[in-house]
Structures are given as C-alpha cells and as structure tokens.
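Participant: Below are the sequence and a predicted model for it; my questions follow.
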Amino acid sequence: MDRLRQRADFLAVANGARVNSAAFVVQSRRREDLGPIRIGFTVTRKNGTATERNRIRRRLRELVKRLDVISMRPHHDYVLVGRRAALDRDFAAMLDDLRSALHRLERQGPGSTETARRQPKKPD
RNA sequence: UCAGUCGGCCGGACGGCCGCUCCGGCGAUCACCGAAAGGUGGCUGGAGAGGAAAGUCCGGGCUCCAUCGACAUACGGUGCCGGAUAACGUCCGGCGGGGGCAACCCCAGGGAAAGUGCCACAGAGAACGAACCGCUUCCCCAUCCGAAAGGAAGGGGCAGCAAGGGUGAAAAGGUGCGGUAAGAGCGCACCGCGGGUCCGGCAACGGAUCCGGCAUGGCAAACCACACCGGGAGCAAGACCGAAUAGGGACGGCUACGCGGGCAGCUCGCUGAAAGGCGAUAACGCCGCGGGAGCGAUGUCGGGCUCUCGCCGUCCGGGUAGGUUGCUCGAGGCAAUGUGCAAACAUUGCCCCAGAGGAAUGGCCGUCACGUACCAUUCGCGAAAGCGGGUGGUGCCCUACAGAACCCGGCUUACAGGCCGGCUGAUGUC
C-alpha cells in the first residue's frame, strides 16, 4: 500500500465516487494500471489549526493501518477527507464507520461508474 | 505568616502492542514503478518539535537580480547619552520626567523666537495678547441724612485696571509682602523660566554663582526642517538532471535575404609538380551603420550588455511538468577560568543535538503522579460555628498555548499547572 503524493492524483480521485461519514469523507477511483492500492489524506484549513489538522490526519492514518486489506479493492486510489469530528470521536466507532463506508462504496461502485462521474459535478 | 515585586526553570513520568521519517552498518545485486532523471522494497543499531516551533514586526547570514559604480531625487525607517553586538527599532548601564510607603514600574524622552497648519464644545477672549460680570479716580444727573463741611446708596459719561468671578484640557509665570484711586514683575523675597561664567562628568546632565523682571502656549504618533540608516527580491532564492507541446541553433532542400562595406577563412574557376599565385563571387562568417525589443522605483552621468531582423525534413542545446540538490557544524551548545557594575567578550576542555516535502516525530491501552470536586473516616485547635492537616474511595481533567519547513539574533502575542531564588512592606514569636 502506497501513499498518494501528486496533486494530479488527488484531483483525479476527487472526480470519483464518494461516501460521507461522521468524521470523514471517502473518495475512490479505479486506476488503469496494475499498481498497488494507494491512499491519500486531505485535511483543509477550515478544520482547525496546524496542530489539530495534524492530529486528524494521524488518526485517519491509524484507521487505515488497522483496517484489514481485504476491505479495499486492488488497483484503486482512495482519499480520506478529514472532518473536525475526527478529533475526538471514539476510535472504535470511527473504525466501524470506515468499514461501512467502504462497503457502501463497493455496492455503489461496479456498474455505476457513470453516476459516480456525474456526482461530483453537483457541488460545482 | 500574609501581601507585593523582580528574575530564572519545568511544562507530565514509566511500561506494553502496532507504526512513521532520517542516519550508520550488513545483505540482495535482485524485484517493482517510471519514457528518462530518479524512486521504492529486507534485517539491525542509533536519533527524532517548541518556549514560544506561532505572528512574519525588525536586524543579519546565504542566493539571485546580464556588470552594477557614483551622485541625486523620491520613498521608508530611526531619534536623551554611553556601551554591547555581525546588525538592530534589541540588550545593558546611566541621565531626565511621572507613579508607588518601599522593592520597583512606566515614558514616541531630539527641533515649536525656519516656515505652513490645527486647537472641537463652552467662553468676552485660543495667539498681530482679550474685557462679559467686575474693581477704581474724575465729571454730570437726581434722591435721602445733615445748619454746614461732608456722608450713603442709584443712573449716565470720559478714562484707568486685570486682582476676584465665570468658561475650558489649556487663560499669558506661581505664592507672600509692599505698593496703589483700583491694580499690575510696578518693587522685593522664595520657587520657576531664559542667558552667561565656573566646577564635576567621555556624554546626556547635575551643582554653584551672577545677570535679565521675564508677553512670545499646546500639537512634530500634522506637514516639515535637521542628523543618521536602507539598492531590489526571496529557499516557491538558486544549482544540476530532465518527458510531451510550442519556440531556438546546426545540416540538407526550397530560391528566401534591413542596408552598406571591403576581405578569401569556408566556396568556385584558371594556373602550377607542390608551396603558392591570379581572378570571380559573397547568400555563411567578419566589420560598420540602422531599425525594433529588453535591461535598478526614478532621473542624470559613466561603462556597457543581451536578443532580433525567411520557410519545410534530420540532429543538437535552453526550458516547463517531474526528479535530485540547496539541507543542516552553526555569529552551535555545555562546563570551567579570566575581564567587566552589567549586556557581553576572551581562552581552554568536552559534545554533535530533527531534517519532512500532500509534509515524519504518532495511534491505542495500562499503571502512577499532579490538580480539582464530592463522600467516608480520623487528628489538632475551639464553648460552638468552623478552620487546618492525614488516610481511603469515586468522578472529572486524563492535560494549557500550540507542530520545525533555509539558518541565526531579537521583538510581540498565546499559555492549565508547578518549582526555585533575590528584594520590599506589614504583622507575630524568641
């Protein structure tokens, strides 16, 4: 499992499918190559000061680490967008949130790539 | 003991499980990603946020701005004196003013008789020194008392005055005595102000003394004048490597040339055995001129510099995305000694102490401190209310402010809780 680092990759994933949860938003995108699962984290300025943003990102990273690899699908990029609730939400609850979010993403995923492409246009 | 004041320090500890980044060693010299540059991957040892890492407000180092050099203008900053420093708007030591019983604290603390400007409201008057109420001599009118001289209160006029009242943030030196019709630095004493001389101090300034009766505010965080300082931009600086696309150079072709010049280095012809000679041509190159574009915030002077002046196919160099580097040994820490009131400096010894880059330094849990609230119990003092302390249990907070981003010196702002020391005042005991 690799980290997502390039800005272009983040923008590509932002156009994919997304699922909301209490403490975060999950976005994902299927890649054309055969590379490993890649995951990135986004925590914007409006979530708090640098210290708080760091803490949110670290807790999200820890969530992914605890997750069993099977729940994510190969050759996909994932991005977790942090929310302020991630600061003090119970860790076990957040782990359950992430599992169900990935599950919903999977049901939504196959066959519905076109709805997924249309979805991000709405907020614009 | 209480209250205050100044300075310094810490800012949870230990353990378990699972991770992250960097450095060193070992190992594979292999696999994966990428067009390439380059990156990722194993085991093991070590290191890994702050006092403010923050705000980005000053000062530097470093880097670039084609080569920036002088002068000036503009703009910005600083503004008691001396010292420290690489430098500063910082720090230290003084001086002056203000506050506090004191320790101590605060001060944008140079120039207002160079000039311009402003001073609301109130008030008569707010800066060519003013006269509202008022005070006073004299003259006139008329009333009362009185035999008269004269006295009392009132109105008007010509003058004098600035004491008292009133307004205001501020009213033209202050207080007292003399003086006067009433008054006034009109005169005198003290204080204040200005000037001179002498003494002390490197200086800011202080002290003494003499002279001048002394109208001549406040605001320069209003313009301004004076002195001093500053070229600009920033690690997204800069250096190296390096796709796609657009543009540039070389070669080949098409017959395209800003102007002019002469030249044979390249070219062609003739000649010669060759070296070379003669001639032609000039589109490359060279020289000159010209046009255009670009060159510090601006100007002048100087010195100049770079690019450019046809189109199509192959190769090459600059550059963008991207990658690597810059990147941490430094005005570095700690200790001792010496110098200095101190800031600090010098010498010697020891130490190596984060280097990320969609951004590591963490996540989850346990135990224990610390703090706090409640309950129980117990001890001391006390008539009691209550106060102070110990022990145990439970809950809360399970830490405040806050996350390095090229590096240093400062300033400013934020901060739960705690520790240590100096000094001052009050009270009690011996």
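Facilitator: Good, I have the coordinates. Numbers count the residues shown, from 1 in each chain, chains lettered A, B, ... in the order given.

Participant: what ranges do the helices span in chain A?
Facilitator: A:7-14, A:50-66, A:91-108, A:113-118 (DSSP state H).

Participant: Is A:Ile37 in contact with A:Leu4, as I believe?
Facilitator: No - A:Ile37 is beyond contact range of A:Leu4, at 10.1 Å (criterion: C-beta atoms under 8 Å). Every C-beta, even on glycine, is put in place using the N, C-alpha and C of the backbone.

Participant: Mind listing the shared neighbours of those two?
Facilitator: A:Asp77 (C-beta atoms under 8 Å, 6 or more residues apart in numbering).

Participant: Show me what from chain A comes close to RNA strand B.
Facilitator: Residues of chain A found near RNA strand B (C-beta under 7 Å from any atom of the strand) are A:3-7, A:10-11, A:33-35, A:40-42, A:49-51, A:54-55, A:57-59, A:62, A:65, A:79, A:91.

Participant: Mean pLDDT and mean neighbour count added to the helices of chain A, as TSV?
Facilitator: Shown next, in TSV, are those (pLDDT from 0 to 100; neighbours: other C-beta atoms under 10 Å):
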stretch	mean pLDDT	mean neighbour count
helix A:7-14	74	14
helix A:50-66	82	15
helix A:91-108	81	15
helix A:113-118	36	12
